[in-house]
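**Q** missing the sequence, but the structure's below:
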């Protein structure tokens, strides 16, 4: 159950304000990534534009609502809608998050952290296997941005992700901005993370911007996806590409969405590192 890889190249996240601009200008992009849930309605406007754009670009489906780490059962209706979308647009990549977002059927509008324990690994592995079975496709799991560390955790994030790959055959989506944000918030070294992560499993990289917030207790970085990629994250990207084969890269921008030209400038900057 392997998934065809994008061999390098840089794409952007497809957002509503840019639908028409991309159709009209046809920028040179390796792929477009969509938030899967926004395209579940086969009769909605978003799906109408996706149907046109998928004739021009490979599509990557990036889910934000499966709540894989939750103790709640996986939503059968959500999975069915995701499978319908996947069958319809035949994405080159499908991804979700190492997080949870629901309890007792109530969903939060956030990707919440998990304790990195053997129990969590077993639970999360079972859920990933369920999703891959339903879809008939491999999925990628993305590392989260973190703002706290659970006392119950018994392994670092990269070890849990590596073991998840071994147990399920899933791939990894490596978000370099999330690694940087988490490292600054929790006090670990990005170099150690990148040295230990299973790069053979990495099929996509995310680049995005963060917000720096000063609180009475100190400074915190927040993964807002609302600004240009920071210099330290560009540095991580350069170091990663120097040590690893070319991998599909995404410029991700979700809040305070600028004109398409700004995303294309970031895309061209990423291409220059390749």
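**A** Great, that's in hand. Note that the structure is predicted; figures quoted are calculated from it, not measured.
**Q** for the stretch 151-274 of the chain, just list every one of the helices.
**A** 157-168, 176-186, 190-196, 231-243, 260-273 (DSSP state H, counting those that start in this stretch).
**Q** give me the contact list for the shortest one.
**A** Contacts to helix 190-196, defined as C-beta atoms under 8 Å, 6 or more residues apart in numbering, come from residues 156-159, 162, 179-180, 183, 236, 239-240, 243. In short, each C-beta sits where N, CA and C put it, glycine included.
**Q** those residues: which two are farthest apart?
**A** 159 and 239 (20.7 Å; C-beta to C-beta).
**Q** what subset of the contacts of helix 190-196 is buried?
**A** 156-158, 162, 179-180, 183, 236, 240 (16 or more other C-beta atoms under 10 Å).
**Q** ok, those residues vs residue 30, which is closest?
**A** Nearest member of the buried ones among the contacts of helix 190-196 to residue 30, counting by C-beta to C-beta, is residue 240, at 16.9 Å.
**Q** other SSEs contacting the lowest-mean-pLDDT helix or strand in the chain?
**A** Between all helices and strands in the chain, the lowest mean by mean pLDDT, DSSP states H and E belongs to strand 106-112, at a mean of 77. Helices and strands touching strand 106-112, by 3 or more C-beta pairs under 8 Å, 6 or more residues apart in numbering; DSSP states H and E, are strand 100-103.
**Q** could I get the contacting residues of the nearest residue to residue 223 once chain neighbours are set aside?
**A** Closest residue to residue 223 apart from its sequence neighbours, by C-beta to C-beta, 6 or more residues apart in numbering: residue 145 at 3.5 Å. By C-beta under 8 Å, 6+ apart, residue 145 lies in contact with 175, 177-178, 181-182, 210, 222-223.
**Q** just give me the neighbour total for the nearest residue to residue 206 once chain neighbours are set aside.
**A** Of all residues not flanking residue 206 in the chain, residue 175 sits nearest, at 4.0 Å (C-beta to C-beta, 6+ apart). Neighbour count for residue 175, taken as other C-beta atoms under 10 Å: 25.
**Q** next one, pLDDT for residue 175 please.
**A** Residue 175 carries a pLDDT value of 98.
**Q** before we move on, what about the one 4 residues further on?
**A** Per-residue confidence for residue 179 comes out at a pLDDT of 98.
**Q** ok, it to residue 82 distance?
**A** 27 Å (C-beta to C-beta, to the nearest Å).
**Q** quick check: residue 38 touching residue 46?
**A** Yes. In this structure, residue 38 is within contact of residue 46 by C-beta atoms under 8 Å, at 5.3 Å.
**Q** which one is residue 114 nearest to, not counting chain neighbours?
**A** Residue 114 sits nearest to residue 69 (C-beta to C-beta, 6+ apart), 4.6 Å away.
**Q** was I right about that neighbour contacting residue 125?
**A** No. If you go by C-beta under 8 Å, residue 69 and residue 125 don't touch, sitting 11.1 Å apart.
**Q** ok, those two, which is more surrounded?
**A** Legend: neighbour count by other C-beta under 10 Å for residue 69 and residue 125, higher for residue 69 (23 against 18).
**Q** tell me the SS of the more buried one?
**A** coil (DSSP: H, G, I helix; E, B strand; the rest coil).
**Q** and the buried ones among the contacts of helix 190-196, which is closest to residue 92?
**A** residue 240 (20.4 Å).
**Q** the closest one reaches residue 197, doesn't it?
**A** No. In terms of C-beta under 8 Å, residue 240 does not count as a neighbour of residue 197; the distance is 9.8 Å.
**Q** overlap of the contact sets of those two?
**A** residue 174.
**Q** which element is residue 80 on?
**A** Element membership for residue 80, per DSSP states H and E: helix 76-89.
**Q** give the buried residues for that helix.
**A** 78-79, 81-82, 85-86, 89.
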